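K.L.:
Predicted model and sequence follow; I will ask about them next.
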Amino acid sequence: MRRLLCAAALALLAHGALDAQTALSRREQRIRAAIAAAGDDQVAYLQHVVDIPSATLDLPGVLRVGETFRASFDSLGFRTSWVEMPAAMRRAGHLVAEHRGKSGRARILLIGHFDTVVQPAGPTFVRQDSLARGIGGADMKGGDVVILYALKALQRAGALKDLNITAVFTGDEEDCGEPRPFARQALIDASRRSDVSLAFEGGTPSLATIARRGISGWRLTTTGKQAHSAGIFSGAGYGAIYEMSRILDAFRAQLAGEQYLTFNAATLLAGTDVAFDTVTTSGTAASKTNIVPRQAVAAGDLRFISPEQPERTRERMRAVVAQHLPGTDAQISFTDGYPAMPPTEGNSRVLAVYDTASQALGYGPVTAMDPGLRGAGDISFVAPFTDGLEGLGALGEGDHSPGEWVNLKALLMQTERAALTIARLGNRPARQFHRELKAAPGK
Ligand SMILES: [Zn+2]
(Lines give C-alpha, C1' and ligand atoms only; values in the text may rest on other atoms or scores of the structure.)
Protein backbone atom coordinates (compact mmCIF):
# COMPACT_ATOMS: atom_id res chain seq x y z
CA MET A 1 0.00 0.00 0.00
CA ARG A 2 2.75 2.37 1.01
CA ARG A 3 4.65 1.57 -2.19
CA LEU A 4 1.56 2.26 -4.23
CA LEU A 5 1.13 5.62 -2.54
CA CYS A 6 4.76 6.42 -3.20
CA ALA A 7 4.33 5.57 -6.86
CA ALA A 8 1.28 7.77 -7.03
CA ALA A 9 3.16 10.61 -5.37
CA LEU A 10 6.06 10.23 -7.78
CA ALA A 11 3.66 10.25 -10.71
CA LEU A 12 2.11 13.44 -9.36
CA LEU A 13 5.52 15.02 -8.95
CA ALA A 14 6.54 14.10 -12.47
CA HIS A 15 3.29 15.46 -13.79
CA GLY A 16 3.78 18.59 -11.73
CA ALA A 17 7.24 19.11 -13.13
CA LEU A 18 5.91 18.86 -16.66
CA ASP A 19 2.98 21.15 -16.03
CA ALA A 20 3.98 23.13 -12.98
CA GLN A 21 1.87 26.11 -14.04
CA THR A 22 -1.40 24.43 -13.12
CA ALA A 23 -0.45 24.57 -9.44
CA LEU A 24 0.80 27.43 -7.28
CA SER A 25 4.49 27.46 -6.52
CA ARG A 26 5.70 28.37 -3.02
CA ARG A 27 6.52 31.84 -4.21
CA GLU A 28 3.09 32.20 -5.80
CA GLN A 29 1.52 31.20 -2.51
CA ARG A 30 3.51 33.99 -0.87
CA ILE A 31 2.28 36.42 -3.53
CA ARG A 32 -1.29 35.35 -2.83
CA ALA A 33 -0.83 35.78 0.92
CA ALA A 34 0.64 39.26 0.40
CA ILE A 35 -2.39 40.29 -1.67
CA ALA A 36 -4.80 39.04 1.00
CA ALA A 37 -2.84 40.83 3.73
CA ALA A 38 -3.07 44.14 1.82
CA GLY A 39 -6.79 43.77 1.01
CA ASP A 40 -8.08 46.47 3.37
CA ASP A 41 -5.28 48.79 2.38
CA GLN A 42 -6.17 48.29 -1.29
CA VAL A 43 -9.83 49.24 -0.70
CA ALA A 44 -8.75 52.33 1.28
CA TYR A 45 -6.42 53.30 -1.60
CA LEU A 46 -9.26 52.85 -4.08
CA GLN A 47 -11.53 55.04 -1.94
CA HIS A 48 -8.84 57.72 -1.77
CA VAL A 49 -8.35 57.91 -5.55
CA VAL A 50 -12.07 57.54 -6.40
CA ASP A 51 -12.78 60.48 -4.09
CA ILE A 52 -10.54 62.72 -6.22
CA PRO A 53 -12.82 63.84 -9.08
CA SER A 54 -10.82 63.44 -12.31
CA ALA A 55 -12.91 63.73 -15.46
CA THR A 56 -10.71 64.03 -18.54
CA LEU A 57 -10.95 67.83 -18.72
CA ASP A 58 -10.40 68.30 -14.97
CA LEU A 59 -6.65 68.60 -15.41
CA PRO A 60 -5.79 69.32 -11.75
CA GLY A 61 -7.91 66.33 -10.68
CA VAL A 62 -6.21 63.92 -13.12
CA LEU A 63 -2.83 65.27 -12.00
CA ARG A 64 -3.66 64.67 -8.33
CA VAL A 65 -4.63 61.06 -9.03
CA GLY A 66 -1.44 60.76 -11.08
CA GLU A 67 0.73 62.17 -8.27
CA THR A 68 -0.78 59.68 -5.83
CA PHE A 69 0.10 56.73 -8.05
CA ARG A 70 3.46 58.20 -8.96
CA ALA A 71 4.47 58.32 -5.29
CA SER A 72 3.42 54.69 -4.88
CA PHE A 73 5.45 53.57 -7.89
CA ASP A 74 8.44 55.58 -6.65
CA SER A 75 8.31 53.73 -3.35
CA LEU A 76 8.22 50.41 -5.23
CA GLY A 77 11.52 51.37 -6.86
CA PHE A 78 10.13 52.25 -10.27
CA ARG A 79 11.63 55.11 -12.28
CA THR A 80 8.68 57.41 -12.91
CA SER A 81 8.06 60.34 -15.21
CA TRP A 82 5.07 62.51 -16.04
CA VAL A 83 4.57 63.03 -19.77
CA GLU A 84 3.09 66.49 -20.21
CA MET A 85 0.84 67.49 -23.08
CA PRO A 86 1.05 70.94 -24.70
CA ALA A 87 -1.37 73.43 -23.08
CA ALA A 88 -3.37 73.73 -26.31
CA MET A 89 -4.33 70.04 -26.08
CA ARG A 90 -6.01 70.60 -22.69
CA ARG A 91 -5.04 67.16 -21.37
CA ALA A 92 -3.29 66.33 -18.09
CA GLY A 93 -0.67 63.97 -19.54
CA HIS A 94 0.39 60.45 -18.59
CA LEU A 95 2.35 58.59 -15.91
CA VAL A 96 5.12 56.28 -17.11
CA ALA A 97 6.73 54.01 -14.50
CA GLU A 98 9.58 51.64 -15.38
CA HIS A 99 11.19 48.76 -13.55
CA ARG A 100 14.29 47.02 -14.88
CA GLY A 101 14.85 43.36 -14.05
CA LYS A 102 16.88 40.63 -15.70
CA SER A 103 17.75 41.25 -19.31
CA GLY A 104 16.45 38.70 -21.78
CA ARG A 105 13.23 38.21 -19.87
CA ALA A 106 9.91 39.25 -21.41
CA ARG A 107 9.13 42.94 -20.96
CA ILE A 108 5.60 43.55 -19.70
CA LEU A 109 3.56 46.70 -20.41
CA LEU A 110 0.72 47.41 -17.97
CA ILE A 111 -1.95 49.88 -19.13
CA GLY A 112 -4.36 51.97 -17.06
CA HIS A 113 -5.97 55.41 -17.10
CA PHE A 114 -6.69 58.04 -14.46
CA ASP A 115 -9.54 59.99 -16.06
CA THR A 116 -13.26 59.37 -15.79
CA VAL A 117 -16.18 60.30 -18.02
CA VAL A 118 -18.44 61.71 -15.30
CA GLN A 119 -17.20 64.66 -13.23
CA PRO A 120 -18.71 64.51 -9.73
CA ALA A 121 -18.88 67.57 -7.47
CA GLY A 122 -16.86 65.86 -4.73
CA PRO A 123 -16.16 62.49 -3.11
CA THR A 124 -18.49 59.70 -4.30
CA PHE A 125 -17.15 56.51 -2.71
CA VAL A 126 -19.79 54.79 -0.57
CA ARG A 127 -19.10 51.31 0.68
CA GLN A 128 -22.03 48.89 0.83
CA ASP A 129 -20.85 45.51 2.15
CA SER A 130 -18.66 43.98 -0.55
CA LEU A 131 -19.63 46.63 -3.12
CA ALA A 132 -18.84 50.32 -3.42
CA ARG A 133 -20.53 53.05 -5.38
CA GLY A 134 -18.20 55.61 -6.83
CA ILE A 135 -17.31 57.38 -10.07
CA GLY A 136 -14.35 55.62 -11.69
CA GLY A 137 -14.52 52.71 -9.24
CA ALA A 138 -14.69 50.21 -12.09
CA ASP A 139 -13.61 52.35 -15.07
CA MET A 140 -10.90 52.29 -14.15
CA LYS A 141 -9.36 53.36 -10.87
CA GLY A 142 -10.27 49.84 -9.70
CA GLY A 143 -8.07 48.43 -12.47
CA ASP A 144 -5.31 50.89 -11.56
CA VAL A 145 -5.22 49.62 -7.97
CA VAL A 146 -5.27 46.03 -9.26
CA ILE A 147 -2.04 46.86 -11.11
CA LEU A 148 -0.47 48.63 -8.12
CA TYR A 149 -1.35 45.99 -5.51
CA ALA A 150 -0.29 43.13 -7.79
CA LEU A 151 3.14 44.81 -8.03
CA LYS A 152 3.25 45.50 -4.28
CA ALA A 153 2.56 41.82 -3.58
CA LEU A 154 5.18 40.71 -6.11
CA GLN A 155 7.70 42.90 -4.32
CA ARG A 156 6.74 41.60 -0.88
CA ALA A 157 7.13 38.02 -2.12
CA GLY A 158 10.54 38.77 -3.61
CA ALA A 159 9.20 38.21 -7.13
CA LEU A 160 9.49 41.76 -8.52
CA LYS A 161 13.24 42.29 -8.78
CA ASP A 162 13.80 40.14 -11.90
CA LEU A 163 10.84 41.53 -13.81
CA ASN A 164 10.96 44.08 -16.63
CA ILE A 165 7.82 46.17 -16.30
CA THR A 166 6.60 49.43 -17.76
CA ALA A 167 3.29 50.82 -16.50
CA VAL A 168 1.61 53.58 -18.51
CA PHE A 169 -1.45 55.35 -17.13
CA THR A 170 -3.00 57.77 -19.59
CA GLY A 171 -4.81 60.90 -18.43
CA ASP A 172 -7.22 61.09 -21.34
CA GLU A 173 -8.41 57.60 -22.26
CA GLU A 174 -12.06 58.62 -22.15
CA ASP A 175 -11.58 61.65 -24.39
CA CYS A 176 -8.29 61.29 -26.20
CA GLY A 177 -6.43 64.53 -26.92
CA GLU A 178 -5.81 65.60 -30.51
CA PRO A 179 -3.78 64.87 -32.50
CA ARG A 180 -4.23 61.30 -31.39
CA PRO A 181 -0.88 59.92 -32.59
CA PHE A 182 0.83 62.58 -30.47
CA ALA A 183 -1.48 61.99 -27.48
CA ARG A 184 -0.59 58.28 -27.56
CA GLN A 185 3.12 58.60 -28.42
CA ALA A 186 4.33 57.74 -24.90
CA LEU A 187 2.17 54.63 -24.82
CA ILE A 188 3.27 53.52 -28.28
CA ASP A 189 6.94 54.18 -27.41
CA ALA A 190 6.56 52.05 -24.27
CA SER A 191 5.03 49.24 -26.31
CA ARG A 192 8.00 49.26 -28.69
CA ARG A 193 10.18 48.52 -25.66
CA SER A 194 7.81 45.77 -24.48
CA ASP A 195 6.88 42.23 -25.50
CA VAL A 196 3.45 41.77 -23.91
CA SER A 197 0.71 44.29 -23.00
CA LEU A 198 -1.82 43.75 -20.24
CA ALA A 199 -4.65 46.28 -19.92
CA PHE A 200 -6.88 46.68 -16.92
CA GLU A 201 -10.20 48.09 -18.10
CA GLY A 202 -13.26 46.48 -16.48
CA GLY A 203 -13.00 42.70 -16.05
CA THR A 204 -15.34 39.75 -15.72
CA PRO A 205 -14.93 36.49 -13.77
CA SER A 206 -14.55 34.26 -16.84
CA LEU A 207 -13.81 36.40 -19.92
CA ALA A 208 -10.88 38.48 -21.16
CA THR A 209 -10.34 40.37 -24.39
CA ILE A 210 -7.91 39.27 -27.09
CA ALA A 211 -9.49 41.45 -29.79
CA ARG A 212 -11.12 44.86 -29.89
CA ARG A 213 -12.73 46.61 -32.76
CA GLY A 214 -11.26 49.83 -34.05
CA ILE A 215 -13.28 52.98 -34.76
CA SER A 216 -13.28 55.42 -37.64
CA GLY A 217 -15.60 58.36 -38.24
CA TRP A 218 -17.31 59.24 -41.53
CA ARG A 219 -19.18 62.23 -42.85
CA LEU A 220 -21.28 62.25 -45.99
CA THR A 221 -22.52 65.38 -47.72
CA THR A 222 -24.85 65.46 -50.70
CA THR A 223 -25.94 68.38 -52.84
CA GLY A 224 -28.72 68.96 -55.33
CA LYS A 225 -30.04 71.80 -57.43
CA GLN A 226 -32.50 73.94 -55.50
CA ALA A 227 -35.65 74.25 -57.66
CA HIS A 228 -39.44 74.09 -57.69
CA SER A 229 -40.57 70.74 -56.35
CA ALA A 230 -42.70 70.13 -59.44
CA GLY A 231 -39.50 69.67 -61.44
CA ILE A 232 -38.02 66.82 -59.35
CA PHE A 233 -36.84 63.73 -61.26
CA SER A 234 -36.74 65.79 -64.46
CA GLY A 235 -35.15 69.19 -65.02
CA ALA A 236 -34.48 69.83 -61.33
CA GLY A 237 -32.69 66.54 -60.76
CA TYR A 238 -33.30 64.32 -57.72
CA GLY A 239 -32.26 66.66 -54.92
CA ALA A 240 -29.88 66.19 -52.01
CA ILE A 241 -32.25 64.06 -49.90
CA TYR A 242 -32.91 61.35 -52.49
CA GLU A 243 -29.19 61.18 -53.16
CA MET A 244 -28.51 60.84 -49.43
CA SER A 245 -31.20 58.16 -49.10
CA ARG A 246 -29.81 56.23 -52.05
CA ILE A 247 -26.33 56.17 -50.56
CA LEU A 248 -27.32 55.23 -47.01
CA ASP A 249 -29.64 52.51 -48.20
CA ALA A 250 -26.95 51.11 -50.50
CA PHE A 251 -24.48 51.05 -47.59
CA ARG A 252 -26.98 48.98 -45.63
CA ALA A 253 -27.91 46.71 -48.53
CA GLN A 254 -24.38 46.11 -49.80
CA LEU A 255 -22.18 46.23 -46.69
CA ALA A 256 -24.24 45.14 -43.69
CA GLY A 257 -23.69 41.69 -42.25
CA GLU A 258 -19.92 41.26 -42.52
CA GLN A 259 -18.55 39.86 -39.26
CA TYR A 260 -17.34 42.55 -36.83
CA LEU A 261 -18.02 45.32 -39.34
CA THR A 262 -20.61 47.92 -38.40
CA PHE A 263 -21.34 51.40 -39.70
CA ASN A 264 -23.86 53.46 -37.83
CA ALA A 265 -25.53 56.49 -39.40
CA ALA A 266 -25.81 58.60 -36.27
CA THR A 267 -27.17 61.91 -37.46
CA LEU A 268 -28.73 63.45 -40.56
CA LEU A 269 -29.68 66.99 -41.52
CA ALA A 270 -31.16 68.07 -44.87
CA GLY A 271 -33.00 70.90 -46.59
CA THR A 272 -32.32 74.12 -48.40
CA ASP A 273 -30.09 75.46 -45.64
CA VAL A 274 -28.11 73.20 -43.38
CA ALA A 275 -25.69 74.12 -40.61
CA PHE A 276 -23.81 71.21 -39.06
CA ASP A 277 -21.30 71.64 -36.23
CA THR A 278 -18.85 68.73 -36.43
CA VAL A 279 -17.47 69.38 -32.94
CA THR A 280 -20.76 69.24 -31.06
CA THR A 281 -22.46 66.97 -33.64
CA SER A 282 -25.45 69.24 -33.76
CA GLY A 283 -27.03 71.66 -36.20
CA THR A 284 -30.09 73.08 -37.90
CA ALA A 285 -31.95 72.52 -41.15
CA ALA A 286 -34.56 74.64 -42.93
CA SER A 287 -36.63 73.99 -46.03
CA LYS A 288 -40.05 74.32 -47.64
CA THR A 289 -42.17 71.44 -48.86
CA ASN A 290 -42.31 72.84 -52.39
CA ILE A 291 -38.54 73.02 -52.88
CA VAL A 292 -36.09 70.41 -54.17
CA PRO A 293 -33.50 70.39 -51.35
CA ARG A 294 -29.99 71.65 -51.93
CA GLN A 295 -28.01 70.09 -49.07
CA ALA A 296 -27.80 67.09 -46.78
CA VAL A 297 -25.20 65.93 -44.31
CA ALA A 298 -24.97 62.67 -42.36
CA ALA A 299 -22.31 61.39 -39.99
CA GLY A 300 -21.56 58.19 -38.14
CA ASP A 301 -18.90 55.69 -37.17
CA LEU A 302 -17.34 52.59 -38.65
CA ARG A 303 -16.14 49.73 -36.44
CA PHE A 304 -13.80 47.01 -37.62
CA ILE A 305 -11.59 44.15 -36.43
CA SER A 306 -8.47 44.40 -38.63
CA PRO A 307 -6.40 47.08 -40.37
CA GLU A 308 -7.58 45.99 -43.83
CA GLN A 309 -11.31 45.79 -43.07
CA PRO A 310 -11.86 49.58 -42.90
CA GLU A 311 -9.68 50.15 -45.99
CA ARG A 312 -11.74 47.69 -48.02
CA THR A 313 -15.01 49.05 -46.60
CA ARG A 314 -14.06 52.67 -47.28
CA GLU A 315 -13.34 51.76 -50.92
CA ARG A 316 -16.77 50.18 -51.27
CA MET A 317 -18.45 53.16 -49.61
CA ARG A 318 -16.67 55.55 -51.96
CA ALA A 319 -17.82 53.46 -54.92
CA VAL A 320 -21.45 53.67 -53.74
CA VAL A 321 -21.16 57.43 -53.23
CA ALA A 322 -19.80 57.93 -56.76
CA GLN A 323 -22.95 56.64 -58.52
CA HIS A 324 -24.81 59.92 -58.30
CA LEU A 325 -28.47 60.35 -59.14
CA PRO A 326 -29.07 62.90 -61.94
CA GLY A 327 -28.49 66.50 -60.86
CA THR A 328 -26.79 65.60 -57.57
CA ASP A 329 -23.31 65.29 -56.14
CA ALA A 330 -21.92 63.67 -53.00
CA GLN A 331 -18.73 63.39 -51.00
CA ILE A 332 -17.66 61.16 -48.15
CA SER A 333 -14.73 61.73 -45.80
CA PHE A 334 -13.25 59.51 -43.10
CA THR A 335 -11.35 60.21 -39.90
CA ASP A 336 -9.19 57.76 -37.98
CA GLY A 337 -10.16 57.03 -34.41
CA TYR A 338 -8.84 53.89 -32.73
CA PRO A 339 -6.98 51.17 -34.62
CA ALA A 340 -8.26 47.61 -34.32
CA MET A 341 -6.74 44.99 -32.05
CA PRO A 342 -7.15 41.90 -34.22
CA PRO A 343 -7.28 38.45 -32.59
CA THR A 344 -3.83 36.89 -32.96
CA GLU A 345 -2.18 33.64 -31.91
CA GLY A 346 0.12 35.67 -29.68
CA ASN A 347 -2.84 37.24 -27.87
CA SER A 348 -4.35 33.77 -27.39
CA ARG A 349 -1.09 32.57 -25.84
CA VAL A 350 -1.21 35.42 -23.33
CA LEU A 351 -4.82 34.53 -22.55
CA ALA A 352 -3.73 30.91 -21.97
CA VAL A 353 -1.26 32.10 -19.31
CA TYR A 354 -3.98 34.15 -17.61
CA ASP A 355 -6.44 31.26 -17.85
CA THR A 356 -3.97 28.80 -16.32
CA ALA A 357 -3.18 31.24 -13.50
CA SER A 358 -6.90 31.69 -12.83
CA GLN A 359 -7.43 27.94 -12.65
CA ALA A 360 -4.37 27.42 -10.45
CA LEU A 361 -5.87 29.98 -8.06
CA GLY A 362 -9.16 28.08 -8.07
CA TYR A 363 -11.14 30.75 -9.95
CA GLY A 364 -12.03 28.66 -13.00
CA PRO A 365 -11.28 29.07 -16.68
CA VAL A 366 -11.06 32.37 -18.58
CA THR A 367 -11.99 32.43 -22.26
CA ALA A 368 -11.97 35.06 -25.00
CA MET A 369 -14.73 37.67 -25.01
CA ASP A 370 -16.65 38.29 -28.23
CA PRO A 371 -14.87 41.31 -29.80
CA GLY A 372 -18.27 42.61 -30.90
CA LEU A 373 -19.11 43.24 -27.24
CA ARG A 374 -16.21 45.51 -26.37
CA GLY A 375 -15.53 49.08 -27.51
CA ALA A 376 -12.13 50.45 -28.43
CA GLY A 377 -9.47 51.32 -25.87
CA ASP A 378 -5.87 52.29 -25.28
CA ILE A 379 -4.54 48.75 -25.82
CA SER A 380 -5.60 49.07 -29.46
CA PHE A 381 -2.80 51.62 -30.03
CA VAL A 382 -0.15 49.07 -28.99
CA ALA A 383 -1.73 46.03 -30.67
CA PRO A 384 0.55 46.35 -33.73
CA PHE A 385 3.65 46.08 -31.53
CA THR A 386 2.93 43.56 -28.76
CA ASP A 387 0.85 40.53 -27.91
CA GLY A 388 -1.85 41.68 -25.55
CA LEU A 389 -4.74 40.94 -23.25
CA GLU A 390 -7.41 43.39 -22.06
CA GLY A 391 -10.21 43.42 -19.51
CA LEU A 392 -8.16 42.39 -16.46
CA GLY A 393 -9.39 45.18 -14.18
CA ALA A 394 -12.06 45.52 -11.53
CA LEU A 395 -15.51 44.01 -11.75
CA GLY A 396 -18.40 46.44 -11.64
CA GLU A 397 -21.15 48.08 -13.60
CA GLY A 398 -22.54 51.43 -14.63
CA ASP A 399 -19.36 52.71 -16.35
CA HIS A 400 -19.66 56.29 -17.64
CA SER A 401 -22.72 56.92 -15.45
CA PRO A 402 -23.36 58.43 -12.00
CA GLY A 403 -24.55 54.97 -10.82
CA GLU A 404 -21.15 53.29 -11.28
CA TRP A 405 -20.20 50.63 -8.72
CA VAL A 406 -17.31 48.26 -8.13
CA ASN A 407 -17.13 44.79 -6.58
CA LEU A 408 -14.61 45.06 -3.72
CA LYS A 409 -14.53 41.33 -3.00
CA ALA A 410 -13.54 40.54 -6.58
CA LEU A 411 -10.61 43.00 -6.37
CA LEU A 412 -8.72 40.24 -4.57
CA MET A 413 -9.33 37.71 -7.37
CA GLN A 414 -8.36 40.21 -10.07
CA THR A 415 -5.21 41.23 -8.21
CA GLU A 416 -4.15 37.60 -7.66
CA ARG A 417 -4.74 36.69 -11.30
CA ALA A 418 -2.86 39.80 -12.46
CA ALA A 419 0.12 39.21 -10.16
CA LEU A 420 0.54 35.59 -11.20
CA THR A 421 0.17 36.42 -14.88
CA ILE A 422 2.73 39.23 -14.65
CA ALA A 423 5.19 36.92 -12.86
CA ARG A 424 4.66 33.95 -15.16
CA LEU A 425 4.92 36.01 -18.35
CA GLY A 426 7.75 38.14 -17.00
CA ASN A 427 9.93 35.15 -16.21
CA ARG A 428 9.69 33.82 -19.76
CA PRO A 429 12.41 34.53 -22.30
CA ALA A 430 11.62 37.66 -24.31
CA ARG A 431 12.37 35.85 -27.56
CA GLN A 432 9.13 33.86 -27.14
CA PHE A 433 7.27 37.04 -27.94
CA HIS A 434 9.31 38.63 -30.71
CA ARG A 435 7.26 40.24 -33.42
CA GLU A 436 8.31 41.11 -36.97
CA LEU A 437 6.48 44.42 -36.96
CA LYS A 438 8.35 45.82 -34.01
CA ALA A 439 11.60 45.74 -35.92
CA ALA A 440 10.13 47.45 -38.98
CA PRO A 441 11.91 50.77 -39.52
CA GLY A 442 9.89 53.95 -39.45
CA LYS A 443 6.79 52.24 -38.07
ZN1 LIG B 1 -11.89 53.03 -19.17
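P.N.:
Cool, the structure landed.
K.L.:
mind listing what the closest residue to Phe200 other than its chain neighbours touches?
P.N.:
Spatial nearest neighbour of Phe200, excluding adjacent residues (Cβ to Cβ, 6 or more residues apart in numbering): Gly143 at 3.2 Å. Quick note: C-beta positions are derived from backbone N, CA and C, even for glycine. The neighbours of Gly143, taking Cβ atoms under 8 Å, 6 or more residues apart in numbering as the test, are Gly112, Phe200, Glu201, Gly202, Gly203, Leu392, Gly393, Ala394, Gln414.
K.L.:
cool, and Phe78?
P.N.:
Ala97, Glu98, His99, Ile165, Ala167.
K.L.:
From what I see, the first one and Phe73 are in contact.
P.N.:
Same thing as Ala97. Yes: using Cβ atoms under 8 Å, Ala97 is in contact with Phe73, at 3.9 Å.
K.L.:
Return every residue with contacts to both of the two.
P.N.:
In contact with both Ala97 and Phe73: Thr80, Ala167, using Cβ under 8 Å, 6+ apart.
K.L.:
Compare these two (neighbour count), which wins?
P.N.:
Ranked by neighbour count (other Cβ atoms under 10 Å), Ala97 and Phe73 place Ala97 first, with 25 against 22.
K.L.:
what about that one, helix or strand, and which?
P.N.:
Assignment of secondary structure by DSSP states H and E places Ala97 within strand 94-99.
K.L.:
What helices and strands are in contact with the next helix or strand after that strand?
P.N.:
On the C-terminal side of strand 94-99, the nearest following helix or strand under DSSP H and E is strand 107-113. Judged by 3 or more Cβ pairs under 8 Å, 6 or more residues apart in numbering; DSSP states H and E, the packing partners of strand 107-113 are helix 141-156, strand 164-170, helix 185-192, strand 196-199, helix 379-382, helix 408-426.
K.L.:
Least confident of those, on average?
P.N.:
Here the lowest mean pLDDT among the helices and strands packed on strand 107-113 goes to helix 379-382, at a mean of 94.
K.L.:
Partner strands of the helix or strand just after that one and their direction?
P.N.:
The first helix or strand that comes after helix 379-382 along the chain, using DSSP H and E, is strand 387-389. Paired neighbours of strand 387-389 in the sheet (DSSP bridges): strand 196-199 (parallel).
K.L.:
which outside residues touch the partner strand?
P.N.:
Against strand 196-199 from outside (Cβ under 8 Å, 6+ apart): 106-112, 191, 350, 377-379, 382-383, 386-393, 418, 421-422, 425, 433.
K.L.:
likewise stretch 25-40?
P.N.:
24, 149-150, 152-154, 156-159, 360-361, 411-412, 415-416, 419-420, 423.
K.L.:
please redo it, this time with the cut-off set to 6 Å
P.N.:
Tyr149, Ala153, Arg156, Ala157, Ala159, Leu412, Thr415, Glu416, Ala419, Leu420 (Cβ atoms under 6 Å, 6 or more residues apart in numbering).
K.L.:
ok, now stretch 410-422?
P.N.:
Taking Cβ under 6 Å, 6+ apart as the rule, stretch 410-422 contacts 28, 31-32, 35, 39, 108, 146, 149-150, 153-154, 203, 353-354, 357-358, 361, 363, 392, 395.
K.L.:
ok, and for stretch 332-344, which residues are buried?
P.N.:
Ile332, Phe334, Gly337, Tyr338, Pro339, Ala340, Met341, Pro342, Pro343 (16 or more other Cβ atoms under 10 Å).
K.L.:
quick one: which of the residues you listed sit in strands?
P.N.:
Those of the buried residues of stretch 332-344 mapping onto strands are Ile332, Phe334, Gly337, Tyr338, per DSSP state E.
K.L.:
which among these gets closest to Asn290?
P.N.:
Ile332 (29.4 Å; Cβ to Cβ).
K.L.:
show me the contacts for the closest one.
P.N.:
Counting by Cβ under 6 Å, 6+ apart, Ile332 has contacts Leu220, Met317, Val321.
K.L.:
Out of those, the closest to Glu311 would be?
P.N.:
For the contacts of Ile332, the nearest to Glu311 is Met317 (10.9 Å; Cβ to Cβ).
K.L.:
host element of that closest one?
P.N.:
Short version, using DSSP H and E: Met317 is in helix 308-321.
K.L.:
Quick check: closest non-adjacent residue to Phe433.
P.N.:
Asp195 (3.7 Å).
K.L.:
Can you get me a residue count around that neighbour?
P.N.:
Neighbour tally, Asp195, other Cβ under 10 Å: 27.
K.L.:
Just want the phi and psi numbers for it.
P.N.:
phi -110, psi -30 (degrees, to the nearest 10).
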